[in-house]
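> Predicted model and sequence below, questions to follow.
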Amino acid sequence: KQDSVEEDLPVEVKFATEFSERGGKFVYCETIDELKASLGSLMDSMEWDRVFLWEDEVKTLVANNKYQKNPLGFNMEQSDVAISFCEFLVADDASVIFSPYQASQRGLQVFPENQIVIAKPSQVLESMEQAVESFEAMYKDQLPSALNLDPEVKSRTISGKLVLSCGGTRDVIVFLCEEL
């Protein structure tokens with residue numbers, strides 16, 4: 001009966017549940033203003049002053065002088081937290097999928113200790129297979145990177161596509177915002 005109840009849940013709720021059960025933190029926001037306020041409160045409460053922003057678009061969401069994208073002499077290793085968008089959130093295993101085409105052009109092998117991911121509901125998919133198919137349709141020959149909270153999950157092949165695993169993150173917080 002538990003499985004049939006879970007099957008009826010929206011995919012966003014499935015992701016949030018699985019992600020939280022694996023040790024991630026999940027925050028739902030209806031509006032961009034609510035997202036900005038929640039991000040600010042989190043950063044203040046955690047005393048995170050050095051924030052690394054992967055994409056310029058994130059900078060507009062956290063518009064504040066102390067948060068900069070790659071300022072001179074400042075890198076991810078010196079940051080308290082990094083903030084980025086993602087391509088997909090995967091409900092069945094709580095993975096976060098990233099693309100090498102995102103603004104930073106990063107190859108993901110290691111993440112910072114604290115990572116904030118910002119996504120919208122349309123990016124939440126049921127399975128890794130769906131994520132890989134969608135990724136392949138968008139990016140052809142590129143390889144996706146997956147951040148998974150289970151340290152046992154390594155790079156793997158899904159539907160014939162290599163999915164690179166990345167780690168090093170102690171705390172991952174996903175903000176899902178309706179208004180993005």
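It's in. Residues are numbered from 1 along each chain as shown.

> Residue 78 versus residue 50, what's the distance?
In this structure, residue 50 and residue 78 are 6 Å apart, going by Cβ to Cβ, to the nearest Å. The way it works is simple: take the backbone N, C-alpha and C, and place the C-beta from them, glycine included.

> Quick check: which helices or strands does the helix or strand residue 96 falls within pack against?
Using DSSP states H and E, residue 96 falls within strand 95-98. Strand 95-98 is packed against strand 88-90, helix 128-139, strand 145-147, with contacts defined by 3 or more Cβ pairs under 8 Å, 6 or more residues apart in numbering; DSSP states H and E.

> run the last query once more with 6 Å
strand 145-147 (3 or more Cβ pairs under 6 Å, 6 or more residues apart in numbering; DSSP states H and E).

> and the strand it packs on, how far from the chain's centre?
9 Å (Cα atoms, centre = their mean, to the nearest Å).

> Describe which strands that strand pairs with in its sheet and in which direction.
If you go by DSSP bridges, strand 145-147 pairs up with strand 95-98 (antiparallel), strand 161-166 (parallel).

> Any idea what residue 174 is bridged to?
Residues in beta-bridge contact with residue 174 (DSSP bridges): residue 26, residue 117.

> per-residue confidence for the closest residue to residue 22 other than its chain neighbours?
Nearest non-adjacent residue to residue 22, counting by Cβ to Cβ, 6 or more residues apart in numbering: residue 149, 4.1 Å away. pLDDT, residue 149: 80.

> so what's the residue nearest the centre of the chain up against?
Among the residues of the chain, the one closest to the centroid is residue 117, at 3.4 Å (Cα atoms, centre = their mean). Residue 117 is in contact with 86, 96, 174, counting by Cβ atoms under 6 Å, 6 or more residues apart in numbering.

> what about it, distance to residue 39?
Residue 117 is 12 Å from residue 39, by Cβ to Cβ.

> CA-only coordinates of whichever helix or strand residue 60 is part of in CSV, if you can.
Secondary structure assigned from DSSP H and E places residue 60 in helix 56-61. C-alpha atoms of helix 56-61 as CSV (Å, rounded to 0.1, in the frame of the first residue of the first chain):
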residue,chain,number,x,y,z
ASP,A,56,25.9,34.8,-13.7
GLU,A,57,22.2,34.2,-13.6
VAL,A,58,22.5,33.1,-10.0
LYS,A,59,24.0,36.5,-9.2
THR,A,60,20.8,38.2,-10.0
LEU,A,61,18.9,36.0,-7.5
